[in-house]
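K.L.:
here is the input, now give the coordinates:
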Amino acid sequence: MLGLLPQSPIAPEGIAVADLVGRGRHPHQGLLSSWSPRDYEVVASALEATGMSEFADRPVDELSGGQRQRVWIAMALAQETSVLLLDEPTTFLDVAHQIEVLDLLTDLNRDRGTTIVMVLHDLNLAARYADVLVALRDGAVQAVGSPGAILTPELVRDVFGLESRVIPDPVSGTPLVIPVGRHHAE
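P.N.:
Residues are numbered from 1 along each chain as shown. As a prediction, the model looks like this:
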């Protein structure tokens, strides 16, 4: 019912990529049942969606941090749940793969109706991809709403202690946070 990607998952030593992704299918199998053609299809689709098909037979512990993160995302996708909880799903990913993963999650939301709840510390990516932001400080909710409604210089200062400018993103139209470091203060 619920797919979860923790911030620092740990894979069994020596496990192959496809085997780890396949573990996402366990909730769909009975105690003594074997893999169905659907299980193989879902794993292959999850590997393809995350760009990890060519690594299917490689041990997870031989992969880069970004590749490992994509394998864990593939495992969460293989679960085929209606809700995904993702804690920093773009950690260790270069910017191209960050966008690829967030676009994939957006597609899941739009095409399959999957509810995506994720923690992102990149305010600009959060503003670009989220329908609703929840800003927390010391575990307390500071603001909830659409990115355009709540993402202001005051919120960034209150939550992060950072001076900033917030302008419209020229690509998405969502708020774009421009940090003002002490070397660039007016």
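K.L.:
can you list the strands that the worst-scoring helix or strand of the chain on mean pLDDT pairs with?
P.N.:
Every helix and strand of the chain was ranked by mean pLDDT, DSSP states H and E. The lowest is strand 2-5, at a mean of 87. Strand 2-5 sits in its sheet next to strand 83-87 (parallel), going by DSSP bridges.
K.L.:
and the partner strand, what's buried?
P.N.:
Leu84, Leu85, Leu86 (16 or more other C-beta atoms under 10 Å). In short, each C-beta sits where N, CA and C put it, glycine included.
K.L.:
what sits closest to Leu77 if chain neighbours are left out?
P.N.:
Using C-beta to C-beta, 6 or more residues apart in numbering and skipping the chain neighbours, the partner closest in space to Leu77 is Ala46 (4.1 Å).
K.L.:
how far away from the center of its chain is the helix or strand where that neighbour lies?
P.N.:
Using DSSP states H and E, the element containing Ala46 is helix 37-49. Taking C-alpha atoms, centre = their mean, to the nearest Å, one finds the center of helix 37-49 at 19 Å from the center of the full chain.
K.L.:
CA atoms of that helix as CSV?
P.N.:
Only the C-alpha atoms of helix 37-49 are listed here, as CSV (Å, rounded to 0.1, in the frame of the first residue of the first chain):
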residue,chain,number,x,y,z
PRO,A,37,5.5,-12.8,-15.9
ARG,A,38,4.0,-9.6,-14.4
ASP,A,39,6.8,-9.5,-11.7
TYR,A,40,9.5,-9.7,-14.4
GLU,A,41,7.7,-7.0,-16.4
VAL,A,42,7.4,-4.6,-13.5
VAL,A,43,11.1,-5.0,-12.5
ALA,A,44,12.2,-4.5,-16.1
SER,A,45,10.0,-1.4,-16.4
ALA,A,46,11.3,0.1,-13.1
LEU,A,47,14.9,-0.5,-14.2
GLU,A,48,14.2,1.1,-17.6
ALA,A,49,12.4,4.1,-16.0
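K.L.:
what's the angle from the following helix or strand past it to helix 37-49?
P.N.:
Moving toward the C-terminus from helix 37-49, the next helix or strand (DSSP H and E) is helix 65-78. If you take axes from the mean of the first three to the mean of the last three C-alpha atoms, to 10 degrees, helix 65-78 sits at 150 degrees to helix 37-49.
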